[in-house]
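Asks: Using only what follows, build the 3D model:
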Amino acid sequence: MASLKFLWAIAPLGVGLAYAFPAAADLAAAEAAIAARKYDQAIAELQPLVDAGDGYAKWKLAQLYLAGHGGSAAEGVTLLQQAAEAGEPEAQSRLGVLYAKGDGVAQSDTEAYKWLSLAARGAAPGVSRIMAETNQSIVAQRMTAEQRAAAQAQSDQAAAGYQAPVASAAAPIAEPAPEPAATAPATAEEQVAALPPAEPAAGIRLQLASVPNEADIEGEWKRLKKRIGVPLADQELHVERADLGTKGVFYRLQIGPFADRAAAQAACQDIKAAGGDCLLVGP
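Replies: Below is the predicted model of the structure:
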């Protein structure tokens, strides 16, 4: 079987009676520090929230550690596991990918399927949910019917302990309205079966998202700029049209071109640290 690649998603969710969103001011300070690449400051802002058991803060700190900003990869995986167990669908989705690949954890399709199933349940409609569902379907192809049933039973049991989030004035920076379910998955570091380029643009670029309708381009770009912030502030949007035959036409949102791969990779790292995803495309 050909090697398959995976993607991961972002969508905060609070669960459990003891869970509450971190104080808006504390989280805002951490987000601002991340955007300014002041990672030590961001870690200092997040650590008290992590120590208090906040799942969302654990997910944010896990992102920093896994991106190589402080801590270690092993500590990042531990925080990711804790955030996933606290009900953060984004952490569940990333953890599912790690289990599918055996990256930092013992490879297990059963664990991968379980966490991706939980992420698909908890993520808001749109990109994040589609990403989790897509990865779950890829893992499912590698499993027998009995293995899938066992993994689904574990997911159902874990989901029974979760409750829907309650709106709070102290919630972190508000996400925009959920994208329609037809929106295509955003491209990410761990891309599902990378699509062949169509009408490639010159130079090295970073692909941030893909939408199925030309009319959705402007709204998706605004959403990305709002969510990611500073790393996209001075970037120019480029759109690549990809005709995928029976799958339809998609419009790929890209930034660049960059002087070289090192510059593109540095920009991608900043985008990921700010909570986004990106994929290097071009020569």
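Asks: Contact partners for residue 237?
Replies: With contact taken as Cβ atoms under 8 Å, 6 or more residues apart in numbering, residue 237 is in contact with 221, 253-255. All C-beta spots, glycine's among them, are computed from the backbone N, C-alpha and C.
Asks: domain parsing for the protein?
Replies: Annotated domains of the chain cover 24-159, 204-281 [automatic domain parsing].
Asks: chain center to the longest one: distance?
Replies: Taking Cα atoms, centre = their mean, to the nearest Å, the mean C-alpha location of domain 24-159 is offset from the chain mean by 8 Å.
Asks: State the mean pLDDT of it.
Replies: Taken as a whole, domain 24-159 has a mean pLDDT of 88.
Asks: and after the strand or helix carrying residue 255, which helix or strand comes next?
Replies: Assessed by DSSP states H and E, residue 255 sits inside strand 249-258. Per DSSP H and E, strand 249-258 leads on to helix 261-273 as the next helix or strand towards the C-terminus.
Asks: ok now that next one, how far from the chain's centre?
Replies: The answer for helix 261-273 is 16 Å, by Cα atoms, centre = their mean.
Asks: got the angle for it vs strand 249-258?
Replies: Computed by axes from the mean of the first three to the mean of the last three Cα atoms, to 10 degrees, the angle separating helix 261-273 from strand 249-258 equals 120 degrees.
Asks: Would you mark the buried spots in helix 261-273?
Replies: Buried residues in helix 261-273, defined by neighbour count with 16 or more other Cβ atoms under 10 Å: 264, 267-273.
Asks: of all the contacts of residue 237, which two lie farthest apart?
Replies: 221 and 254 (10.6 Å; Cβ to Cβ).
Asks: And residue 122, how far from residue 242?
Replies: Residue 122 sits 30 Å away from residue 242, taking Cβ to Cβ, to the nearest Å as the criterion.
Asks: ok but residue 207 is inside a strand, no?
Replies: Yes - membership of residue 207 in a strand is supported by DSSP: H, G, I helix; E, B strand; the rest coil.
Asks: who touches it in this structure?
Replies: Applying Cβ under 8 Å, 6+ apart, we find residue 207 in contact with 187, 240, 252-254, 278-281.
Asks: give me the number of residues near residue 40?
Replies: Neighbourhood size, residue 40 [other Cβ atoms under 10 Å]: 11.
Asks: That one contacts residue 64, correct?
Replies: No - counting by Cβ atoms under 8 Å, residue 40 sits too far from residue 64 to count as a contact (9.9 Å).
Asks: Are there residues contacting both of the two? Which ones?
Replies: Contacts common to residue 40 and residue 64, judged by Cβ under 8 Å, 6+ apart, are residue 70.
Asks: and residue 122 and residue 242? which has more neighbours close in?
Replies: When residue 122 is set against residue 242 and neighbours are counted by other Cβ under 10 Å, the residue ahead is residue 122, at 24 against 18.
Asks: any idea how far the more buried one is from residue 102?
Replies: Residue 122 is 24 Å from residue 102, where distance means Cβ to Cβ.
Asks: ok, which stretches of the stretch 101-250 of the chain are strands?
Replies: Assigned by DSSP state E, counting those that start in this stretch, the stretch 101-250 of the chain shows strands spanning 204-211, 237-243, 249-258.
Asks: Identify, out of those strands, the most deeply packed stretch.
Replies: A comparison of the strands of the stretch 101-250 of the chain by mean neighbour count, using mean count of other Cβ atoms under 10 Å, puts strand 204-211 on top with a mean of 24.
Asks: Each with direction, which strands does it pair with?
Replies: Strands adjacent to strand 204-211 in the sheet, as given by DSSP bridges, are strand 249-258 (antiparallel), strand 279-281 (antiparallel).
Asks: out of those strands, which comes closest to residue 78?
Replies: Nearest to residue 78, of all these, is strand 279-281, at 26.9 Å by Cβ to Cβ.
Asks: Just the buried residues of the closest one, please?
Replies: Quick answer for strand 279-281 (16+ other Cβ under 10 Å): 279-281.
Asks: Please identify which of the contacts of residue 207 is nearest to residue 27.
Replies: Among the contacts of residue 207, residue 278 lies closest to residue 27 (Cβ to Cβ), at 22.7 Å.
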